[in-house]
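A.B. asks: Quick one: sequence and predicted model below, then my questions.
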Amino acid sequence: MTGRPITDQQMRLFMNLRDHGNTPRQAAAKTGFSTATAYRILQDLRPPSQKKPPRSRRRPDPLEAVWEAEIVPILVAAPGLRAVAVLEELRRRHPEIDAGVRRTLERRIRLWRGLHGPAQDVMFRQIHPPGALGLSDFTDMADLGVVIAGAVLDHLLYHFRMPNSGFQHGHVILGGESFTALAEGLQNALFTLGGVPARHRTDSLSAAFRNLSAAAAEDLTTRYAALCQHFGMEPTRNNTGVAHENGAIESAHGHLKKTIADALLLRGSRQFDSLTAYRRFIDDIFGRHNAHRAKAIDIERASLTALPANRAADFEEVLVHVTSTSAFVLRKVFYTVPSRLIGQRLRVRLYDDRLECFLGASLVLNLVRGRPDHASGRHSHVIDYHHIIQALRRKPMALRNLIYRDQLFPRPAYARAFDALLASRSEKSACKITVELLGLAHDHACEAELAKALDIELDAGRLPCLDILRERFRPDLASLPAIVIQAVSLGLYDELGTGRIGDAA
């Protein structure tokens, strides 16, 4: 052990051996140092760590001239100021101060804050009994770059969590934070969980009430309370702007997004054929997560109250009037409907991703929900060419300056064909041929196949020929099965009427 310093642990072992009757020579040998060292220890019983002289400064203090005069007043006036901002201000005032003092300044400020800084907010970790609390929140998923049918999906994820067992559930949200999204996601989560917690906690839902009048905000508050009452939960919210009060789910957002990002990398692609496929992908992730916690979830499930027999309303209901344009406008979105509904008043149920339209008590159609362009403030359009194609056939020139012409084409190939026809034919001819192409896709349900055929023709530098395409996509009557109906003699019906009660069958 020559040349090595003695540690406090060695000294404690040496003194313990001495207390048990060992001589200094024996105790030193068992401890691993010399007899001379043993006698030096006996002369000074302080631990070696206390014998070291305090470290003295080896160079002049670079902050001595400005610490008390300038830095401390800055910290007192703005306690939350970052050290790098303090350094920039000092170097602006004193260019001779070197940028290399940043670490020294950070250590000095950290020490000053520990001795003289203001009191900070304290986090109180909580115990969550089984079945006591469920939490809801929304998290932005746009940065994952998910692509649905060739378009980047800008979306949120509704996230539900039971902090005791770790049960989680998610639902893809296409719009913003709203009562409709909350109601749909929450009910999906509770029915997947199989029970209801005693309390439900959300953030302040400020996004759901943004730009609403006081009456509308109060209405949403009442609806949220009614939703919780339907399930027998106590509704609670954390204070506005205090995210850590919902920390049991806020902290899980980061882990969840990393898990989804990893799953996308393992999948090898961020592109999905449909929204349904993407939602199934998200459901699989949550399913695997909950499978790992099955035992804890089963234990907590025993503490939950029973679900109600039916779901609560997770939609908003609005009355709209179908105008002569065979459409209606709802929340700055223009929706087309079949022309037979012109002049009718429809009762529309707004869900997060769809609209259900009722005429009286009859469901007449479902529509994909559109979103207005908030950046420009302009209306958006949800157009289904099937709704208006017959009327457009009677007025094909209406296509030329139609307001929603770009949204009318179901696939880019049809827009390409229209542009090519405009460049080579008269406007009347181009409009008529394009409308007939849409009509062909509508009549024979060959929208995708016709689009491929149009792309092939246009890529070859040829204009689409309507007669050839009609012949190509005409149904093959020869392939239809021959159905023979055997005619029944009318005399059999006379015999049915002459039967008597009691006759053998």
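C.D. replies: That came through, no problem. Numbers count the residues shown, from 1 in each chain.
A.B. asks: List the residues that contact Leu193.
C.D. replies: Met162, Phe167, His169, Ile297, Arg301, Leu304 (Cβ atoms under 8 Å, 6 or more residues apart in numbering). Quick note: C-beta positions are derived from backbone N, CA and C, even for glycine.
A.B. asks: For the closest residue to Val66 other than its chain neighbours, give its distance to Gly131.
C.D. replies: Spatially, and ignoring its direct neighbours in sequence, Val66 is nearest to Leu90 (6.2 Å; Cβ to Cβ, 6 or more residues apart in numbering). From Leu90 across to Gly131, the span is 56 Å (Cβ to Cβ, to the nearest Å).
A.B. asks: What of Leu81?
C.D. replies: 45 Å.
A.B. asks: Tell me which helix or strand comes right after the helix or strand containing the residue nearest to Val66.
C.D. replies: Secondary structure assigned from DSSP states H and E places Leu90 in helix 83-93. Sequence-wise, the next helix or strand downstream of helix 83-93 (DSSP H and E) is helix 102-116.
A.B. asks: Which residues belonging to that next one are considered buried?
C.D. replies: For helix 102-116, a neighbour-count test (16 or more other Cβ atoms under 10 Å) marks Leu105, Arg108, Ile109 as buried.
A.B. asks: Tell me how far it lies from the chain's centre.
C.D. replies: 40 Å (Cα atoms, centre = their mean, to the nearest Å).
A.B. asks: Could I get the buried residue list for the next helix or strand after it?
C.D. replies: Toward the C-terminal end, the helix or strand that comes next after helix 102-116 (DSSP H and E) is strand 133-140. Across strand 133-140, burial judged by 16+ other Cβ under 10 Å covers Leu133, Gly134, Leu135, Ser136, Asp137, Phe138, Thr139.
A.B. asks: In terms of secondary structure, what does the helix or strand that strand 133-140 is followed by contact?
C.D. replies: Proceeding N to C from strand 133-140, the next assigned helix or strand is strand 147-148, under DSSP H and E. For strand 147-148, the elements it packs on are strand 271-272, judged by 3 or more Cβ pairs under 8 Å, 6 or more residues apart in numbering; DSSP states H and E.
A.B. asks: Averaged pLDDT, the strand it packs on. What do you get?
C.D. replies: The average pLDDT within strand 271-272 is 92.
A.B. asks: before we move on, what about stretch 74-92?
C.D. replies: pLDDT averaged over stretch 74-92 gives 92.
A.B. asks: so Ala453 is in which element?
C.D. replies: Counting by DSSP H and E, Ala453 is found in helix 447-459.
A.B. asks: Also Glu177?
C.D. replies: Assigned by DSSP H and E, Glu177 falls within no helix or strand.
A.B. asks: how far away is it from Tyr404?
C.D. replies: 29 Å.
A.B. asks: The two - which one has more neighbours?
C.D. replies: Neighbour totals were compared for Glu177 and Tyr404, and Glu177 leads with 20 against 16 (other Cβ atoms under 10 Å).
A.B. asks: Now the phi/psi pair for the closest residue to Leu227 other than its chain neighbours, please.
C.D. replies: Spatial nearest neighbour of Leu227, excluding adjacent residues (Cβ to Cβ, 6+ apart): Ala312 at 5.2 Å. Main-chain torsions, Ala312, degrees, to the nearest 10: phi -80, psi 170.
A.B. asks: try the one 3 residues further on
C.D. replies: Phe315 has phi and psi values of phi -150, psi 160 when expressed as degrees, to the nearest 10.
A.B. asks: Burial check on it, number of neighbours?
C.D. replies: Neighbours of Phe315 (other Cβ under 10 Å): 17.
A.B. asks: shouldn't it be in contact with Arg349?
C.D. replies: Yes: using Cβ atoms under 8 Å, Phe315 is in contact with Arg349, at 4.3 Å.
A.B. asks: Quickly list what's touching both of the two.
C.D. replies: Glu356.
A.B. asks: Just to be sure, Thr434 is in a strand?
C.D. replies: No: secondary structure of Thr434 (DSSP: H, G, I helix; E, B strand; the rest coil): helix, not part of a strand.
A.B. asks: Need the pLDDT of it.
C.D. replies: As predicted, Thr434 sits at a pLDDT of 94.
A.B. asks: State the distance from it to Leu422.
C.D. replies: Taken as Cβ to Cβ, the span from Thr434 to Leu422 is 9 Å.
A.B. asks: Pick out whichever of these two has more residues nearby.
C.D. replies: Thr434 (27 against 15).
A.B. asks: tell me, how many neighbours does the residue nearest to the more buried one when sequence neighbours are not counted end up with?
C.D. replies: Leaving aside its sequence neighbours, Thr434 sits nearest to Phe418 (Cβ to Cβ, 6+ apart; 4.5 Å). Using other Cβ under 10 Å, Phe418 has 23 other residues around it.
A.B. asks: Test for you: state the pLDDT assigned to Phe418.
C.D. replies: On the pLDDT scale, Phe418 gets 94.
A.B. asks: longest helix anywhere in the chain?
C.D. replies: Longest helix in the chain, counting residues (DSSP state H): helix 247-267.
A.B. asks: Would you mind pulling up the elements that that helix packs against?
C.D. replies: strand 133-140, strand 156-161, strand 168-173, helix 275-292.
A.B. asks: Go through the ones you listed and name the closest to Ala226.
C.D. replies: Closest of those to Ala226 is strand 133-140, at 16.1 Å (criterion: Cβ to Cβ).
A.B. asks: Please list the outside residues in contact with the closest one.
C.D. replies: 156-164, 173, 177, 181-182, 185-186, 189-190, 197-203, 207, 233, 246, 248-250, 253, 256-257.
A.B. asks: Drop anything exposed from those.
C.D. replies: Buried among those (16+ other Cβ under 10 Å): 156-164, 173, 177, 181-182, 185-186, 189-190, 197, 200-203, 233, 246, 248-250, 253, 256-257.
A.B. asks: Quick check: the gap between the residue nearest to the spatial centre of the chain and Arg293.
C.D. replies: Closest residue to the average C-alpha location of the chain: Leu157 at 2.0 Å, with Cα atoms, centre = their mean. Per Cβ to Cβ, Leu157 is found 19 Å from Arg293.
A.B. asks: One more: Thr305?
C.D. replies: 20 Å.
A.B. asks: next one: Val152
C.D. replies: Distance from Val152 to Arg293, by Cβ to Cβ: 33 Å.
A.B. asks: before we move on, what about Pro475?
C.D. replies: The value you get for Pro475 to Arg293, if Cβ to Cβ is used, is 55 Å.
A.B. asks: Met141 too?
C.D. replies: For Met141, the distance to Arg293 - Cβ to Cβ - is 23 Å.
A.B. asks: Who has more neighbours out of these two?
C.D. replies: Comparing Met141 with Arg293 by other Cβ under 10 Å, the one with more neighbours is Met141, at 21 against 16.
A.B. asks: Now do the contacts for the more buried one.
C.D. replies: By Cβ under 8 Å, 6+ apart, the neighbours of Met141 are His155, Leu156, Leu157, Val172, Lys257, Ile260.
A.B. asks: go on, Asp353?
C.D. replies: Counting by Cβ under 8 Å, 6+ apart, Asp353 touches Leu174, Leu275, Val368, Arg369.
A.B. asks: The first one is in contact with Arg369, isn't it?
C.D. replies: So that's Leu174. Yes: with contact defined as Cβ under 8 Å, Leu174 counts as touching Arg369 (7.1 Å).
A.B. asks: Residues that sit against both of those two, list them.
C.D. replies: Going by Cβ under 8 Å, 6+ apart, residues that sit against Leu174 and also against Arg369 are Asp352, Asp353.
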